[in-house]
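S.K.: got a predicted model here, sequence first, then my questions.
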Amino acid sequence: MAKDWIQQMKDTVQPHVPEPVIAVGMLQPAGTWGAFGIGRMSPLAGRIMDAKNNQKAGGLAKQGIVKFRQALIAVTADKAYAFNSKVKGRGYKVTDQVGVWDRKDLVVTTEPGKMTTKVTIDVKSTGDHYELEATTISTARDIAVAFLDEFAKPV
């Protein structure tokens with residue numbers, strides 16, 4: 001089942017990427033799950049956390065009350081492509097490209113947690129910094145781990 005989902009995500013992003021996609025994963029702003037939990041008790045506090053999380057994510061995969069977006073990151077041999085996406089049926093639809101980087105220019109670090117793995121992306125040439133997370137509970141774990149292993153691998 002995981003392989004079918006991975007292939008579905010590759011098929012979603014491949015038309016937007018000019019080279020073969022090796023791995024693809026979904027990331028949301030770091031702290032999304034925490035903001036969701038807080039928002040159940042205090043909607044205002046949840047909104048404030050969402051805004052802070054969106055800022056740390058640098059514009060990738062903005063979260064909010066009305067919209068829930070995830071960044072699809074497509075990894076090729078030499079580049080990483082970031083797309084904002086939205087849920088469409090049982091899959092995802094690319095809404096816009098928000099980044100493209102040479103993999104040699106990226107420092108990607110991961111920090112496993114209970115429900116998610118924090119993913120920090122630093123772009124050496126520009127100083128851009130993104131704080132995101134991959135959901136790693138249940139069946140999402142296998143998909144996330146396969147993607148993160150490739151994405152964080154030095155080139």
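M.R.: Structure received. Quantities reported herein were computed from a predicted structural model and do not represent experimental measurements. Residues are numbered from 1 along each chain as shown.
S.K.: select the longest strand from this protein.
M.R.: strand 91-102 (DSSP state E).
S.K.: after that one, next one along is what?
M.R.: As assigned by DSSP states H and E, the chain's next helix or strand after strand 91-102 is strand 106-112.
S.K.: could you list the paired strands of that next one along with their orientation?
M.R.: With DSSP bridges as the test, strand 106-112 is paired with strand 116-123 (antiparallel).
S.K.: ok, and what's touching the partner strand?
M.R.: For strand 116-123, the external contacting residues (CB atoms under 8 Å, 6 or more residues apart in numbering) are 27, 30, 32-33, 101, 105-111, 128-137, 144, 148, 151-152. For glycine as for every other residue, the C-beta is placed from the backbone atoms N, C-alpha and C.
S.K.: list the buried ones in that strand?
M.R.: The neighbour-count check on strand 116-123 (16 or more other CB atoms under 10 Å) flags 116-121, 123 as buried.
S.K.: just give me the closest of those residues to Lys52.
M.R.: Within the buried residues of strand 116-123, the smallest distance to Lys52 is 14.7 Å, found for Lys118 (CB to CB).
S.K.: residue ranges with poor pLDDT in this protein?
M.R.: 1-3, 31-39, 45-46, 48-51, 53-69, 139 (pLDDT under 70).
S.K.: what does the residue minimising distance to the centre of it show for phi and psi?
M.R.: By CA atoms, centre = their mean, the chain has its centre lying nearest to Leu27, at 1.8 Å. Main-chain dihedrals, Leu27, degrees, to the nearest 10: phi -130, psi 150.
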